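> just a sequence and a predicted model for now, questions to come.
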Amino acid sequence: MEFLPLFHNLRGARVLVVGGGEIALRKSRLLADAGAILRVVAPEIGTELRELIDSSGGEQILRGYNEADLNGCVLIIAATDDESLNAQVSSDARARGVPVNVVDAPALCSVIFPAIVDRSPLVIAVSSGGDAPVLARLIRARMESWIPPTYGHLAGLAARFRHQVKKLFPNVQQRRAFWEDVFQGPIADRQLAGQGAEAERLLQAKLDGEPPVASGEVYLVGAGPGDPDLLTFRALRLMQQADVVLYDRLVAPAILELCRRDADRIYVGKKRADHAVPQDQINQQLVDLAKQGKRVVRLKGGDPFIFGRGGEEIEELAAHGIPFQVVPGITAASGCAAYAGIPLTHRDYAQSVRFVTGHLKDGTSDLPWKDLVSPAQTLVFYMGLIGLPIICSELVKHGRSADTPAALIQQGTTSNQRVFTGTLANLPQLVAEHEVHAPTLVIVGEVVTLRDKLKWFEGAQGTV
Ligand code: SAH
């Protein structure tokens with residue numbers, strides 16, 4: 001091991017930074033975050049750095065470096081673009097036995113800055129010993145993505161109960177088992193969901209020896225339009241801790257694969273006009289599973305609250321007092337538009353966009369056609385394939401021009417994505433000609449022409 005990782009308590013300690021430029025500023029920010037008092041020496045110091053020095057209660061010395069500047073400092077940073085000066089600072093610090101860091105010169109360093117994932121009080125440091133800082137940063141980026149931003153709050157929770165737990169369980173093994181249980185179960189879930197008070201209540205109950213209530217929970221998770229890369233971090237985290245997953249037809253197999261391996265998978269898909277599992281039965285199933293103490297992920301295509309009946313499902317959960325979380329997803333309109341190269345709004349073509357259900361309940365009467373014909377408005381029809389001939393003819397009948405550009409996007413964002421463009425006049429014909437099937441999104445409006453202008457080609461977005 002080239003360098004031993006240690007965490008340095010700098011609160012109230014004086015640190016010397018030689019240099020007043022951008023890099024000195026970056027290092028100084030970290031030092032100030034850790035509570036250090038800054039002493040910065042440089043002939044010129046930028047405004048932002050000056051403010052930082054002041055707020056740290058430190059001092060700025062506007063001249064060249066001199067050896068006596070090291071007096072009283074516990075750590076030295078050389079951040080100038082003068083190599084010989086940096087080397088001088090390094091050797092002076094080493095002569096005094098004070099740790100020194102020279103930016104971008106590992107050979108002159110006795111300590112180096114790691115890449116940091118800050119979930120204070122939890123801090124993760126990654127280092128390549130100065131050999132490949134970019135690699136360390138990439139690893140850091142990966143960790144940033146799978147450790148939720150609020151993870152540090154778990155450490156805070158543990159800190160508040162540490163003494164109590166220690167007193168109750170003098171034995172180390174017992175304590176370890178206790179905390180493992182806390183950090184991997186419903187108590188941690190509550191804390192991560194921002195319900196700190198409830199997490200504390202549950203932890204206290206656990207310590208008081210109350211029998212654990214089988215407390216299941218339902219996560220209504222938006223799985224996006226198909227490309228697994230479009231999942232949110234939160235969706236993925238909850239999918240990986242689920243006991244049961246309920247999913248429907250719109251959820252791509254590649255996404256299902258990302259759920260916890262040993263989770264039970266229940267298909268509750270509905271086909272249009274062929275309701276495989278009626279909605280109220282799904283609602284009941286969610287309630288029953290949660291009551292058995294299970295963590296249930298209800299995976300929905302796109303966003304649960306956009307034509308996803310998410311509202312109905314949580315209504316039922318709320319009525320039974322079952323805790324739930326809703327995780328938004330990228331809705332088909334955003335995903336398909338981005339992957340097909342059609343901006344939904346554009347200053348010159350469309351000042352608004354409207355998401356409309358194309359599932360016509362009773363013939364032609366149930367859509368506000370008059371509101372849909374403004375030329376500066378993009379329309380996005382979900383579930384619009386069956387009713388497409390009616391949709392196109394009603395729009396034209398109510399005043400939208402028959403040559404209004406329109407697009408069909410089938411299985412958008414997936415490797416099977418197909419896009420066909422035409423006009424309100426010939427869109428239904430395109431469906432027949434190319435045997436377009438569900439799920440397909442229909443976009444109507446001038447913005448569709450931008451696809452050609454942008455010279456968009458299939459796979460431009462790297463579809464899976
Ligand atoms: N909650 C979903 C929509 C459910 S309604 C969301 O927010 O996206 C189902 C309709 O969404 C389909 O009939 C189709 O019109 C559209 N849709 C969903 N995923 C799609 C995809 N990958 N490509 C094209 N259309 C899609």
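Thanks, I have it.
> so what's the residue of the stretch 51-200 of the chain found nearest the ligand closest to, chain neighbours aside?
Proximity of the stretch 51-200 of the chain to the ligand (C-beta to the nearest ligand atom) peaks at residue 193, 22.0 Å away. For glycine as for every other residue, the C-beta is placed from the backbone atoms N, C-alpha and C. Nearest residue to residue 193, sequence neighbours excluded (C-beta to C-beta, 6 or more residues apart in numbering): residue 325, at 5.6 Å.
> so how many other residues sit close to the residue of the stretch 51-200 of the chain closest to the ligand?
19 (other C-beta atoms under 10 Å).
> same question for residue 430.
Counted with other C-beta under 10 Å, residue 430 comes out at 17.
> so what touches the helix or strand encompassing it?
Taking DSSP states H and E as the definition, residue 430 sits inside helix 427-433. Contacts with helix 427-433, where a contact means C-beta atoms under 8 Å, 6 or more residues apart in numbering, come from 385, 388-389, 392, 406, 408, 420, 422, 436, 442.
> stretch 304-324 too?
Taking C-beta under 8 Å, 6+ apart as the rule, stretch 304-324 contacts 215-222, 279, 282-284, 286-287, 290-291, 298, 300-303, 326-329, 331, 333, 355, 357, 382-383.
> going through the residues you listed, which ones are buried?
215-222, 282-283, 286-287, 290, 298, 300-303, 326-329, 331, 333, 355, 382-383 (16 or more other C-beta atoms under 10 Å).
> which of those fall within helices?
282-283, 286-287, 290, 333 (DSSP state H).
> flag every residue of the stretch 201-350 of the chain that's near the ligand.
Contact residues (C-beta under 6 Å from any ligand atom) of the stretch 201-350 of the chain with the ligand: 225-226, 250, 300-303, 306-308, 331-332, 336.
> swap the cut-off to 5 Å and go again
225-226, 301-303, 306-308, 331-332 (C-beta under 5 Å from any ligand atom).
> lowest-confidence member of the residues you listed, which is it?
Among these, residue 308 has the lowest pLDDT, at 90.
> hmm, back to that, so how far is residue 237 from the residue nearest to residue 193?
Using C-beta to C-beta, to the nearest Å, one gets 11 Å for the distance from residue 325 to residue 237.
> ditto for residue 196
Counting by C-beta to C-beta, the gap from residue 196 to residue 237 is 18 Å.
> coming back round to it: report the buried residues of the helix holding residue 430.
427-428, 430-431.
> same question, stretch 249-260
250-252, 255-256, 259-260.
> gap between the two ends of that stretch?
One end of stretch 249-260 sits 19 Å from the other (C-alpha to C-alpha, to the nearest Å).
> quick one: the strands in the stretch 301-450 of the chain, in order.
For the stretch 301-450 of the chain, applying DSSP state E, counting those that start in this stretch gives strands covering 324-327, 352-357, 377-382, 405-410, 418-423, 440-444.
> and among these, the most buried is which?
Among the strands of the stretch 301-450 of the chain, strand 440-444 has the highest mean neighbour count (mean count of other C-beta atoms under 10 Å), at a mean of 26.
> list the helices and strands that strand packs on?
Using 3 or more C-beta pairs under 8 Å, 6 or more residues apart in numbering; DSSP states H and E as the contact test, the elements touching strand 440-444 are helix 332-340, strand 377-382, helix 388-397, strand 405-410.
> could I get the average pLDDT for stretch 428-442?
97.
> how about it and the ligand, touching?
Yes - Stretch 428-442 reaches the ligand (C-beta under 5 Å from any ligand atom) through 439, 441.
> grab the nearest non-local neighbour of the residue in the stretch 201-350 of the chain positioned nearest to the ligand.
When scored by C-beta to the nearest ligand atom, the stretch 201-350 of the chain has residue 302 as its residue closest to the ligand, at 1.9 Å. Nearest residue to residue 302, sequence neighbours excluded (C-beta to C-beta, 6+ apart): residue 331, at 4.4 Å.
> ok, now residue 159?
residue 121 is the one closest to residue 159 (C-beta to C-beta, 6+ apart), at 7.3 Å.
> and the residue lying closest to residue 327 once chain neighbours are set aside, bridged to which residues?
In space, and not counting its chain neighbours, residue 327 is closest to residue 221: 4.5 Å by C-beta to C-beta, 6+ apart. Counting by DSSP bridges, residue 221 forms beta bridges with residue 299, residue 327.
> and residue 221, what is it in contact with?
Contacts of residue 221 (C-beta under 8 Å, 6+ apart): 235, 238-239, 297-300, 304, 327, 329.
> just residue 216 next, same as before
289-296, 322.
> phi, psi for the residue of the chain most remote from its centre please.
Each residue of the chain has a distance to the centre, and by C-alpha atoms, centre = their mean the biggest one is for residue 68: 48.2 Å. As for residue 68, its main-chain torsions (degrees, to the nearest 10) stand at phi -70, psi -10.
> per-domain residue ranges of the protein.
14-113, 150-207, 217-327, 337-454 (automatic domain parsing).
> now do the same end-to-end measure for the last one.
Think domain 337-454. So domain 337-454: terminal residues 13 Å apart, C-alpha to C-alpha.
> count the neighbours of residue 361 for me.
Residue 361 has 9 nearby residues by other C-beta under 10 Å.
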